[in-house]
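**Q** what follows is a predicted protein model with its sequence.
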Protein chains: 2
Amino acid sequence: MMENTQSRTLAFDYEAGQDGGDSTPHDDAGLRVPVTEITLAPSPDGTPNEPVRVYRTQGPGSDPVRGLAPAREPWVVARGDTEEYDGRDRALADDGRGALRRGAATQEWQGERRRPRRAVPGRTVTQMHYARQGVITPEMRFVAVREGCDVELVRSEVAAGRAIIPNNVNHPESEPMIIGKAFLVKINANIGNSAVHSSIAEEVEKLEWATKWGADTVMDLSTGDDIHTTREWLLRNSPVPIGTVPIYQALEKVNGDASALTWEVYRDTVIEQCEQGVDYMTVHAGVLLRYVPLTADRVTGIVSRGGSILAGWCLAHHQENFLYTHFDELCEIFARYDVAFSLGDGLRPGSLADANDAAQFAELDTLAELTKRAWAHDVQVMVEGPGHIPFHLVRENVERQQELCDGAPFYTLGPLVTDIAPGYDHITSAIGATEIARYGTAMLCYVTPKEHLGLPNRDDVRTGVVTYKIAAHAADVAKGHTGARDRDDALSKARFEFRWRDQFNLSLDPELAESYHDETLPAEAAKTAHFCSMCGPKFCSMRISQDIRDEFGGARNQAALADAAAEGMAQKSEEFRAAGGDVYLPAPTLRP
Amino acid sequence: MMENTQSRTLAFDYEAGQDGGDSTPHDDAGLRVPVTEITLAPSPDGTPNEPVRVYRTQGPGSDPVRGLAPAREPWVVARGDTEEYDGRDRALADDGRGALRRGAATQEWQGERRRPRRAVPGRTVTQMHYARQGVITPEMRFVAVREGCDVELVRSEVAAGRAIIPNNVNHPESEPMIIGKAFLVKINANIGNSAVHSSIAEEVEKLEWATKWGADTVMDLSTGDDIHTTREWLLRNSPVPIGTVPIYQALEKVNGDASALTWEVYRDTVIEQCEQGVDYMTVHAGVLLRYVPLTADRVTGIVSRGGSILAGWCLAHHQENFLYTHFDELCEIFARYDVAFSLGDGLRPGSLADANDAAQFAELDTLAELTKRAWAHDVQVMVEGPGHIPFHLVRENVERQQELCDGAPFYTLGPLVTDIAPGYDHITSAIGATEIARYGTAMLCYVTPKEHLGLPNRDDVRTGVVTYKIAAHAADVAKGHTGARDRDDALSKARFEFRWRDQFNLSLDPELAESYHDETLPAEAAKTAHFCSMCGPKFCSMRISQDIRDEFGGARNQAALADAAAEGMAQKSEEFRAAGGDVYLPAPTLRP
């Protein structure tokens, strides 16, 4: 089905682009960026149609056992500001209680184990730091080609904190991407194993599946067995940045008892994950002791797991959240690996009733403070947002966040605009997601149909990702992002011209579109026929339109069109009839 | 699964409500209105939870062979302004070419055949007419109870043309409902057979299915065999208003050759459908000859079937659209049966590229003119809207329509906010639908996953209806409609309290929600357990929240809360630990 789709996936091959040997997007210095190029059939009149290039998240594909090539490593090494070191000692507890019991993880990573890398003493190796120094990195150049924008826009947005390029120096397999409101809206897919579900192989498969459908980043929220090893496997195979919530693993290390958590255990976990290559980490440092009572009268209290863990810790110890009190130390660690903060909204509303309340906005004030503290360390930051919000209150969320956080990228979960549709929450949340992205959210965290009900399977991941691609794309179009509508226009033209295969290939989910089409008209001939199952072989409205175009098309001057209508119609009418211009009733569609 | 759901479905039983024998909603005179009442389990602390009443579209249910009782007939008869008459002679051609060939429809309606009814000469029997006379009809009273509003609001909105109550005097089986922006947002489901698909029985089943999930009206867009008989079957079984597009059947009568269409054939078809009881009809009277060339340079031309048929007719004859030139005659017919216009947007855009263009808005100007012409006859009107519109241009559509048409109800198809997701167009369109309803669209025409690809089956109807209930409900909440959020709050409270069965029953699709839940935790015990599959039996964030509420809940004064935080925390902290307030790591969810 995809035989017309060419994917030009390249390694980071500086020179190849310069010889003009192919049309792969590249910059002046020849840095090439993988895209998916969809070739199109000619129009019925023989006019060729330009291929359409689509932003590609899928990466080059790889052997999941060996992992992807560390293509970005030369860029990191060339800067000369990092060093390899032995790294933290691996502990059995890194893989959780099951590993402790068994004395080993159930499965070990078989690919290469690179020594970890970090900044040499006194250096900061974040993209934000370089950007502020006026340095254009290859990562920025890659992003600029990928986004089709000027590299100076990339540098200046990163320098200002309005965009981030999450790529840990220890995740050289990743293709640089940017999260910021001046760029294409991105989406994240959550995956992760649990104590009772999924194997490492299944998680790697979900990662490939998510990036195939268009996930720009993936969060590994594993909390089950083999938590360290699963993450290793994912990182070594991921062409997109990987995010985590380190408190989940830290809690595993204290046997699930949050009151036993300490800064030291948490810090050790963060370093472990920095060395593995995690690109951004959710840190719930805004859940302050004094905010906890603000949630007492909510309908749904605290629904964030990280938020509730920290609220529980604060209550148990009557101390301020250790993520807040040790925030500058965290910044220092992140600065050495270029890990970005995703400042978690632990007090986000879990129901419409709790939206935009005192607890939520108090935490946002603190996230704004923390954003600026991280920026003082040249550490990249994005800020997480809700949740469940009535449609008319969605816009306020992003505008408030953008103002308070001086434009730091907003990364929101939906929001869901009603609570009454479990089973359809990919839809309830895509509605809110489109609205919030239109007004400036930079990345949308997907929601699957299983939200509130269970863990997503492979099909749910696909549905969630495609649904969020719709929201992100609709927002790009609404924002007037350059070229965003090109794919819509190409698909609509293909639809009008009955180029079925082009219509499938241009769609977000070609396989589903084709399978729905084939339920009614499975024959291969039906994919080249000038009709469809809604209207049947006796034609549909598209043909009338073609007749109209043949007569009046091209006269783009409206006065000329009006003249044509007023004067030329009698003659045209005769021509129309002479040309056999009967109007057939199509077989049924369901559109009046 | 639905054992906790009580449906109080009643006939039009004036007296029964007065004795207080049950809690069915009724007005002062005892007119009762069916609702679905969802009874809830008590909270964990034993506090009872009030039942939640849900607007019910399903009707009383019936034997599809005999049809529903004509419960509304006494109201019509009592007004004394209509008369029975013999009606138009039935013709074989009414059932299409197949019937002509065979000499009969494939199946005949077996239930009662009532003689048709129409206004006595000189009388107008529309709800608008009564409303303008200051008359409160039982239909208005029924609607007021159903909407939970004052009946004077109903009367005044109908009198002003800002709302319609579509109920043909020949469809006494229908339960009155209202379409207008001052009321709950409604949704329509399209069904209908085709030459190659579906039987009458399947269409009746789809009707029952659509109203079960919440369709407020149903359009029968049949164009295949047995077109008259299928419609008869649907009308006699429909508790909701039925809409049609008469030009489809008219075209069948001229063997599918639109250039052979005449006003006389069309008028005869309209009368046939008026006598059967069709409640509203899509009439593409705004497709004027001079507008046709405006579509010539569009990406997707004319995508409305009705619009293209009439554009083709105009071109073929070089005459003005006969629906426009005979519009006043149509009004006179509609006034005798109380059929409402649904003024079709035959030039609606079929792609983002064509949105809000000259052709679309030229037609809208004419629809505004026709609205006022219909109102001069006291005929009810709604106006149809697009289509495919980028998200940021959606609002302009409804605001422009509302202004030009003096607040006549807007009835829109989506709109779809991107063209690139065939297979997911229920979602692309629900996004636009929520936006357009928020700003005043009164009824949303659903879109199913099969849009652009094929004809919807039963599952698609369900998905389309539920998706549109989400959009309509989200808009009701966003508009601040009284009580709209009650169901959200009840469901969220049930979720927080782990009342799984209540959560299912309160959701738009209880069966799907339960089946997703059961994929992970199928045991019946899991539906009463205080945990879920995302967090597992060792608990989740909800419990921490309960602990917080137990300590701080009820202190709604923020100063008191702050005091509690500042002063009471040390003590509370000890209590928390003394009470065993350990914080467990839940098993994985996919939410940070």
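**A** Noted; the coordinates are in hand. For clarity, every value in this text was computed on a predicted model and none was experimentally measured.
**Q** which pLDDT value does the model give the residue of the stretch 251-400 of chain A at minimum distance from chain B?
**A** Per C-beta to the nearest C-beta, residue A:301 is where the stretch 251-400 of chain A lies closest to chain B, at 2.3 Å. Placement of C-beta: from N, CA and C, glycine included. Listed pLDDT for residue A:301 reads 92.
**Q** next: residue A:538.
**A** Listed pLDDT for residue A:538 reads 43.
**Q** ditto for residue A:35
**A** Looking at residue A:35, the pLDDT reads 89.
**Q** so what's the residue count around it?
**A** Neighbourhood size, residue A:35 [other C-beta atoms under 10 Å in any protein chain shown]: 22.
**Q** how close does it sit to residue A:485?
**A** 18 Å (C-beta to C-beta, to the nearest Å).
**Q** which residues in the stretch 451-592 of chain A form helices?
**A** Counting by DSSP state H, counting those that start in this stretch, one finds helices in the stretch 451-592 of chain A at the ranges A:458-478, A:486-496, A:500-506, A:510-520, A:541-552, A:558-563, A:569-578.
**Q** could you dump the ones you listed to TSV with mean neighbour count and mean pLDDT?
**A** Listed next are those as TSV, based on neighbours: other C-beta atoms under 10 Å in any protein chain shown; pLDDT from 0 to 100:
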stretch	mean neighbour count	mean pLDDT
helix A:458-478	25	97
helix A:486-496	23	96
helix A:500-506	25	95
helix A:510-520	19	90
helix A:541-552	22	70
helix A:558-563	14	50
helix A:569-578	16	51
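**Q** which one of these lies nearest to chain B?
**A** Of all the helices of the stretch 451-592 of chain A, helix A:541-552 sits nearest to chain B, with 2.3 Å by C-beta to the nearest C-beta.
**Q** that closest one near chain B at all?
**A** Yes - using C-beta under 8 Å from any C-beta of the partner chain, we find that helix A:541-552 touches chain B at A:541-542, A:544-549, A:551-552.
**Q** now stretch A:377-387
**A** Yes - contact of stretch A:377-387 with chain B is found when judged by C-beta under 8 Å from any C-beta, involving residue A:384.
**Q** just the C-alphas of that stretch, formatted as PDB.
**A** Only the C-alpha atoms of stretch A:377-387 are listed here, as PDB (Å, rounded to 0.1, in the frame of the first residue of the first chain):
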ATOM      1  CA  HIS A 377      22.000  27.700  35.200                       C
ATOM      2  CA  ASP A 378      21.500  27.700  31.400                       C
ATOM      3  CA  VAL A 379      19.300  24.600  31.800                       C
ATOM      4  CA  GLN A 380      16.500  24.000  29.400                       C
ATOM      5  CA  VAL A 381      13.000  24.000  30.800                       C
ATOM      6  CA  MET A 382       9.400  23.200  29.700                       C
ATOM      7  CA  VAL A 383       6.400  23.400  32.000                       C
ATOM      8  CA  GLU A 384       3.700  20.800  32.200                       C
ATOM      9  CA  GLY A 385       0.000  21.700  32.100                       C
ATOM     10  CA  PRO A 386      -3.400  20.200  32.700                       C
ATOM     11  CA  GLY A 387      -5.500  18.000  32.600                       C
END
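**Q** centre of the chain to it, how far?
**A** Chain-centre distance of stretch A:377-387: 15 Å, with C-alpha atoms, centre = their mean, to the nearest Å.
**Q** just want the most central residue of chain A.
**A** Geometric centre of chain A, nearest residue: residue A:187, 2.1 Å, by C-alpha atoms, centre = their mean.
**Q** can you pull the pLDDT of that one?
**A** In this prediction, residue A:187 carries a pLDDT score of 98.
**Q** partner residues bridging it?
**A** Legend: beta-bridge partners of residue A:187 under DSSP bridges are residue A:444.
**Q** which residues in the stretch 1-150 of chain A form strands?
**A** Using DSSP state E, counting those that start in this stretch, the strands of the stretch 1-150 of chain A run over A:5-8, A:35-38, A:52-55, A:82-84, A:117-119.
**Q** which one of the ones you listed is the most hemmed in?
**A** Per-stretch averages of neighbours, counted by mean count of other C-beta atoms under 10 Å in any protein chain shown, single out strand A:117-119 among the strands of the stretch 1-150 of chain A, with a mean of 22.
**Q** run through who's touching it.
**A** For strand A:117-119, contacts defined as C-beta atoms under 8 Å, 6 or more residues apart in numbering or on different chains pick out A:76, A:81-85, A:125, A:169-170, A:274-275, A:335-337.
**Q** that strand pairs with which strands?
**A** When sheet partners are counted by DSSP bridges, strand A:117-119 sits next to strand A:82-84 (antiparallel).
**Q** tell me the mean pLDDT over the strand it pairs with?
**A** For strand A:82-84, the per-residue pLDDT averages 98.
**Q** could you list the residues in contact with that strand?
**A** For strand A:82-84, the surrounding residues in contact (C-beta under 8 Å, 6+ apart) are A:76, A:115-120, A:123, A:125, A:169.
**Q** pLDDT weak spots in the stretch 1-150 of chain A?
**A** A:1-22 (pLDDT under 70).
**Q** at 80 what do you get?
**A** The model of the stretch 1-150 of chain A has pLDDT under 80 over residues A:1-24, A:61-63.
**Q** chain B contacts on that one?
**A** Counting by C-beta under 8 Å from any C-beta, no residue of the stretch 1-150 of chain A sits close to chain B.
**Q** now the helices for the stretch 1-150 of chain A?
**A** Under DSSP H, counting those that start in this stretch, the stretch 1-150 of chain A gives helices at A:73-79, A:96-102, A:127-132, A:138-147.
**Q** TSV for those, including mean neighbour count?
**A** Formatted as TSV, the helices of the stretch 1-150 of chain A follow (neighbours: other C-beta atoms under 10 Å in any protein chain shown):
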stretch	mean neighbour count
helix A:73-79	16
helix A:96-102	17
helix A:127-132	23
helix A:138-147	23
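**Q** could you dump the ones you listed to TSV with distance to residue B:141?
**A** Supplementary listing: the helices of the stretch 1-150 of chain A in TSV, determined by distance: least, C-beta to C-beta, whole Å:
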stretch	distance to residue B:141
helix A:73-79	74
helix A:96-102	65
helix A:127-132	66
helix A:138-147	60
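**Q** residue B:436 is nearest to which of these?
**A** Judged by C-beta to C-beta, the one of the helices of the stretch 1-150 of chain A that comes nearest to residue B:436 is helix A:138-147, at 30.8 Å.
**Q** the closest one packs against which elements?
**A** Packed against helix A:138-147 by the contact rule (3 or more C-beta pairs under 8 Å, 6 or more residues apart in numbering or on different chains; DSSP states H and E) you find helix A:127-132, helix A:151-160.
**Q** reformat those as CSV; add distance to residue A:201.
**A** Output for these, formatted as CSV (distance: least, C-beta to C-beta, whole Å):
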stretch, distance to residue A:201
helix A:127-132, 33
helix A:151-160, 36
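**Q** nearest to residue A:447, of those helices?
**A** Nearest to residue A:447 among the helices and strands packed on helix A:138-147 is helix A:151-160; the distance by C-beta to C-beta comes to 27.3 Å.
**Q** pull out the buried positions in that closest one.
**A** Buried residues in helix A:151-160, counted by 16 or more other C-beta atoms under 10 Å in any protein chain shown: A:151, A:153-160.
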